[in-house]
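[1] what follows is a predicted structure for the sequence shown.
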Amino acid sequence: MLRDRVILVVGGSTGIGRATAIACGQAGAIVVVGARDQAKAEEVAAEATRAGASRTLALPVDVRSSDEVDAFVSKATHTFGRIDGAVNNAGTEGRMAPMHELTDADYAEIMDVNARGVFFAMRAEIAAMGTAGGAIVNVGSVGSFTGLVGQSVYAASKHAVWALTRSAAVENAGRGIRINMIAPAGTETPMLHRVLQGNTEAMRGAARMHPIGRFGTPEESAAAIVWLLSDASSFVCGQSIGVDGGYSATLGFNPQAALTG
């Protein structure tokens, strides 16, 4: 589906980002893995190579720095001559607490990565793609559309990702650049385990909130991302694709799960 297309995966060292880099490799892409941890980026690039990527490159990038993001995109473009697609996955849950207990630093930590980071990345990616076209997929959340107890700033940051996605999509569709978002619900990633603090009962209860009855896997989100990057979704632009096991269809209310839990 992505044979020899140059795909950037920002935040590609773990979770959905790692799964996406590998899935892009399986689809035959040229995969550029970006992460703060260079060693982890190299590990994932090696996994993408083993999965079938035609070429790979691992580069350090901290999305909190516009200079680093610009350098990352510039290096990828210089190395391969173009960018065909990009996935913006870097994110943090930050400190979880009621809003009135959060500090200025708590707010900045989350927004700098989740919102400003996506802005910096898209700005550089769109400029690099120019009029040649391409596809960008941002990783949002079910929190892009609802409130989250103890995660008000995280939810706000993901609302921002959705607004940035739609605005950039309508600005750039005429240039042949399609921009979309996936909105995962609970997904088996290190972030989920941090949020639920490894509490077995909390994990079971949260899983039951999804009508399918379980959490998603990073690979399921990655499959949706690969589709959005490919020509199979050539008329899909400015959309959010829920990869959420039916969570958004119920607004989180699943009484049967409570009865059978």
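    Good, I have the coordinates. Residues are numbered from 1 along each chain as shown.
[2] any weak-confidence spans in the stretch 1-150 of the chain?
    Scanning the stretch 1-150 of the chain for pLDDT under 70 picks out no residues.
[3] so which residues of it form helices?
    Counting by DSSP state H, counting those that start in this stretch, the segments of the stretch 1-150 of the chain that form helices are 15-26, 38-51, 66-80, 104-111, 117-129.
[4] of those, which is nearest D4?
    helix 66-80 (9.6 Å; CB to CB). Placement of C-beta: from N, CA and C, glycine included.
[5] ok now that closest one, how far from the chain's centre?
    Offset of helix 66-80 from its chain centre (CA atoms, centre = their mean, to the nearest Å): 19 Å.
[6] now do it against helix 117-129, angle only.
    Following axes from the mean of the first three to the mean of the last three CA atoms, to 10 degrees, one obtains 30 degrees for the angle between helix 66-80 and helix 117-129.
[7] out of the helices of the stretch 1-150 of the chain, the one nearest M209 is which?
    Of all the helices of the stretch 1-150 of the chain, the one in closest proximity to M209, counting by CB to CB, is helix 15-26 (19.2 Å).
[8] helices or strands up against the closest one?
    Counting contacts by 3 or more CB pairs under 8 Å, 6 or more residues apart in numbering; DSSP states H and E, helix 15-26 is packed against strand 6-10, strand 30-35, helix 38-51, strand 85-88, helix 218-229.
[9] out of the ones you listed, which comes closest to A207?
    Checked against CB to CB, the stretch from the helices and strands packed on helix 15-26 lying closest is helix 218-229, at 14.2 Å.
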